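Give the three-dimensional model of this entry:
(2 chains)
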Number of protein chains: 2
Amino acid sequence: MILGIDIGGANTKIASGDGHVAETYYLPLWKSTELNKKLSLVAQRHHPSEVVVVMTGELADCFCDKKSGVRYIKKAVEDAFSTTRVTYIDVSGKLTDGCNESSLAASNWCASARFLADEFENCIFADMGSTTTDIIPIVSGTPVAHTTDLKRLLHNQLVYTGLFRTNIAALTNHVYLRNRECKIASEYFANTADIYLILMHISESSYTCETPDGGGKDLLSAKRRLARIVCADLEELADEEIYTLAEQIYKMQVEQITRSFEKIAQEYELDQIVVCGIGEFVLGQAALNAGLEATFVSERYGKKISSVFPAYAAAKIIEK
Amino acid sequence: MILGIDIGGANTKIASGDGHVAETYYLPLWKSTELNKKLSLVAQRHHPSEVVVVMTGELADCFCDKKSGVRYIKKAVEDAFSTTRVTYIDVSGKLTDGCNESSLAASNWCASARFLADEFENCIFADMGSTTTDIIPIVSGTPVAHTTDLKRLLHNQLVYTGLFRTNIAALTNHVYLRNRECKIASEYFANTADIYLILMHISESSYTCETPDGGGKDLLSAKRRLARIVCADLEELADEEIYTLAEQIYKMQVEQITRSFEKIAQEYELDQIVVCGIGEFVLGQAALNAGLEATFVSERYGKKISSVFPAYAAAKIIEK
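Purely as a prediction, here's the structure:
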């Protein structure tokens, strides 16, 4: 079995090319050294004949630069899969042994885009995970994205916003409340997982990151965190005010992505989009708002595959 | 000796009414239980005849609501100063024994505003600390601010932005780089202390909060953190680009405060402002931009007093 592995800063995902394996582990690189341990367990359980790796975790701020991050991730993979062939996909979408470390940084979207480019000649490909959203133009069967995060941020191809871990204070500096603009606290009091839990888009068990305050993943705790963004207790806000805040923030996140979709669509003259990731439904709404015809990876490959798509695509590329 | 104590979420400050004592301790309530211990040491060292307390720390997200936070802070103070008379200043500026816990929440600006109101009949009073900025209208010798953080956020009287701890991602979602708008990472990669260190407004030794990545407080580490907000390594950005980023963010913070100054000045028809706090120089620039005539507390009472002004003012109020 060929196993694709996508090592992000917060989550590590694995998938087999046959689709039977599709797993996500919350492994925040900046606070733990569990990566090697977890990968060793994966090696023991699945005994892959080959692994293929993409990553974004090298940006985590425990690494002094990206090369050190890539080196750490590579070592963890190669130690865990010491008897297995390990291949990497680099930022130009090529298979490599990984010797050129800088070419591996921020490579996780490359597998997905290369895999989809065979089927969708001209489209935008978008993947929204827990932390970030990739927006990749595919033109004449070739992904044409920039190849560093910095360049992608400059060109609307990386929107650093996600379904779970985005600090509400990073998404907006104000909300509307009691017919006024209300500035918010610049702390990490609440995140987008709290919003989507309150709006019932995700369940307690699918809230797969830490809570901002280390507290519960239940509805009441999420509401309490959301109230705190305006420095309030729950007793200071009516329940419908909490829902209104959550709705507003959801719309702001959709709007943020919509604007990038529009810019990419215009620049590359594209009107189709393929969306995937745990935030697929957010991307679907943004696609609708941007007037793009959307294809949902979850409808074609299943929801589990959609949520680990870079890992799945990496495995499929090797299988060919 | 009468000791004023200002217990914030991140910092606890003490000052004596005679100005000889003026100390700041970084004691983040959400991650440590050192408050009681530190206050006990203060009690042993200074043997005050009386202590007077203001606070904002009850908002820290380790407390499930503000009352619990106030209760925790009160207990820490009263245990540490068990043989000393303890008085509180409440949100209406009155001296109290603290039985009404909700009236003590977010009271730290009340002491400063009440103390200054005797001298400045009509002015704005503004205090910028590590985390937040208070903007208090004083009209006919009376502070007329709203008395909860929520209401103050709604009315431009609390700007949740500070000299050290403000996440750059909470201050702005984009910067200008290479003649383009560049979106930034929504992580806690860099803070305002990094900006002010790079711009040489603060020194390594006055960087009195933790760094976002737990790394060094030296210039190189700060630049590395700032580069990461656009997902870059230092090798991807020229040194002058780093400085340009820092300058932009400084200007955005000044602009954010300027706008609130303008709104308050207009609403209450005020043209004078008294500024204090470790961020006094930022407020001075914002006052200039807003066309207000500024008085600097540091010029009148010294820089040390300016940085612990709520504690000093609390002590002075009792002395009268």
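
Domains in chain A, by residue range?
What the record gives for chain A is the domain set A:2-163+A:256-319, A:168-250, from automatic domain parsing.

any chance of those domains in CSV, with mean pLDDT, distance to chain B and mean neighbour count too?
For glycine as for every other residue, the C-beta is placed from the backbone atoms N, C-alpha and C. Formatted as CSV, the entries for these read as follows, by pLDDT from 0 to 100; distance: least, Cβ to the nearest Cβ, whole Å; neighbours: other Cβ atoms under 10 Å in any protein chain shown:
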stretch, mean pLDDT, distance to chain B, mean neighbour count
domain A:2-163+A:256-319, 96, 3, 21
domain A:168-250, 97, 3, 19
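
nearest to residue B:97, of the ones you listed?
The stretch from those with the least distance to residue B:97 (Cβ to Cβ) is domain A:168-250; that distance is 22.9 Å.

what about the helices in chain A?
Here chain A has its helices, by DSSP state H, at A:35-46, A:66-80, A:108-117, A:149-154, A:168-171, A:192-198, A:219-228, A:239-268, A:280-289, A:297-301, A:303-307, A:309-319.

Of all the domains of chain A, which one is nearest residue B:126?
In terms of Cβ to Cβ, the element of the domains of chain A nearest to residue B:126 is domain A:168-250, at 15.0 Å.

now the closest one, how far from the chain's geometric center?
On the basis of Cα atoms, centre = their mean, to the nearest Å, domain A:168-250 sits 20 Å off its chain's mean C-alpha point.

Reformat the helices of chain A as TSV; add distance to residue B:131.
Rendered in TSV, the data for the helices of chain A read as follows (distance: least, Cβ to Cβ, whole Å):
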stretch	distance to residue B:131
helix A:35-46	33
helix A:66-80	30
helix A:108-117	35
helix A:149-154	27
helix A:168-171	12
helix A:192-198	21
helix A:219-228	14
helix A:239-268	22
helix A:280-289	31
helix A:297-301	42
helix A:303-307	36
helix A:309-319	38
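
just so I know, which of these lies nearest residue B:100?
Each of these has some distance to residue B:100 by Cβ to Cβ; the shortest is helix A:219-228, at 21.6 Å.

Run through who's touching the closest one.
Contacts to helix A:219-228, defined as Cβ atoms under 8 Å, 6 or more residues apart in numbering or on different chains, come from residues A:168, A:185, A:187, A:189-191, A:193-195, A:197-198, A:204, A:211-213, A:215, A:233-234, A:236-237, A:239, A:242, A:245-246, B:59, B:61, B:64-65.

Without its sequence neighbours, what residue ends up closest to residue A:138?
residue A:117 (4.9 Å; Cβ to Cβ, 6 or more residues apart in numbering or on different chains).

Also residue A:64?
Beyond its immediate neighbours in the sequence, the residue positioned closest to residue A:64 (Cβ to Cβ, 6+ apart) is residue B:224, lying 6.7 Å away.

Quick check: that neighbour vs residue A:143, distance?
Separation of residue B:224 from residue A:143 (Cβ to Cβ, to the nearest Å) stands at 30 Å.

which residue is nearest the centroid of chain A?
residue A:129 (2.1 Å; Cα atoms, centre = their mean).

was I right about it contacting residue A:276?
No - under the criterion of Cβ atoms under 8 Å, residue A:129 is not in contact with residue A:276, lying 9.4 Å apart.

Pull the contacting residues for residue A:10.
Residues near residue A:10 by Cβ under 8 Å, 6+ apart: A:26, A:27, A:28, A:29, A:130, A:131, A:165, A:209.

again with residue A:134
Going by Cβ under 8 Å, 6+ apart, the list of residues near residue A:134 reads A:108, A:109, A:112, A:125, A:126, A:127, A:152, A:157, A:158.

redo that, cut-off 10 Å
Contacts of residue A:134 were listed using Cβ atoms under 10 Å, 6 or more residues apart in numbering or on different chains, and they are A:56, A:106, A:108-110, A:112-113, A:125-128, A:145, A:152, A:157-159, A:276-277, A:310.

quick one: contacts for residue A:257?
So, once contact is read as Cβ under 10 Å, 6+ apart, residue A:257 ends up touching A:126, A:128, A:133, A:135, A:156, A:159, A:161, A:275, A:279, A:282-283, A:285-287, A:289-290.

farthest pair in these?
Of all pairs drawn from the contacts of residue A:257, the one with the largest separation by Cβ to Cβ is A:156 and A:285; the distance is 17.8 Å.

so residue A:159 bridges to which residues?
Beta-bridge pairing for residue A:159 (DSSP bridges): residue A:133.

That one contacts residue B:183, doesn't it?
Yes - applying Cβ atoms under 10 Å as the test, residue A:159 and residue B:183 come out as touching, 6.4 Å apart.

what's the overlap in contacts for the two?
A:152, A:153, A:256, A:260, B:173.

Just give the nearest non-adjacent residue to the first one, would you?
Right, residue A:152. Nearest-residue entry for residue A:152: residue A:158, 3.7 Å, with adjacent residues in sequence omitted and distances by Cβ to Cβ, 6+ apart.

Please apply the same query to the third one.
The spatially closest residue to residue A:256, leaving aside those adjacent along the chain, is residue A:161, at 5.8 Å (Cβ to Cβ, 6+ apart).

unless I'm mixing things up, that neighbour is touching residue A:192, no?
Yes - with contacts counted by Cβ under 10 Å, residue A:161 reaches residue A:192, the gap being 7.6 Å.

tell me, what's touching these two both at once?
Residues touching both residue A:161 and residue A:192 (Cβ under 10 Å, 6+ apart): A:131, A:170, A:171, A:253, A:279, A:282, B:186.

contacting residues for the residue nearest to the first one when sequence neighbours are not counted?
Residue nearest to residue A:131 in three dimensions, not counting chain neighbours: residue A:162, with 4.0 Å by Cβ to Cβ, 6+ apart. Under the criterion of Cβ under 10 Å, 6+ apart, the contact partners of residue A:162 comprise A:10, A:128-133, A:191-193, A:209, A:253, A:277-279, A:282, B:186.

What of residue A:163?
By Cβ under 10 Å, 6+ apart, residue A:163 lies in contact with A:128-131, A:133, A:191-193, A:195-196, A:201-202, A:206, A:208-209, A:253, A:277-283, A:307.

do the same with residue A:131
Taking Cβ under 10 Å, 6+ apart, one finds A:8-11, A:56, A:59, A:160-166, A:192, A:209, B:185-187 in contact with residue A:131.

ok, the residue nearest to residue A:138 to residue A:137 distance?
As defined by Cβ to Cβ, residue A:117 lies at a distance of 10 Å from residue A:137.

same thing with residue A:93?
With Cβ to Cβ as the criterion, residue A:93 and residue A:137 are 14 Å apart.

who touches both of those two?
Common neighbours of residue A:93 and residue A:137 (criterion: Cβ under 10 Å, 6+ apart): A:113, A:143, A:145.

thought residue A:306 was touching residue A:277?
Yes - shown here, residue A:306 and residue A:277 form a contact pair, counting by Cβ under 10 Å, at 6.4 Å.

Report the set of residues contacting both of those two.
When contacts are counted by Cβ under 10 Å, 6+ apart, the set common to residue A:306 and residue A:277 consists of A:127, A:297, A:298.

just these now: which is nearest residue B:85?
Within the set of the shared contacts of residue A:306 and residue A:277, residue A:127 lies nearest residue B:85; the separation is 62.2 Å, counting by Cβ to Cβ.

List the contacts of the closest one.
When contacts are counted by Cβ under 10 Å, 6+ apart, residue A:127 touches A:108-109, A:112-113, A:116, A:133-136, A:274-280, A:283, A:297, A:306-307, A:309-310, A:313.
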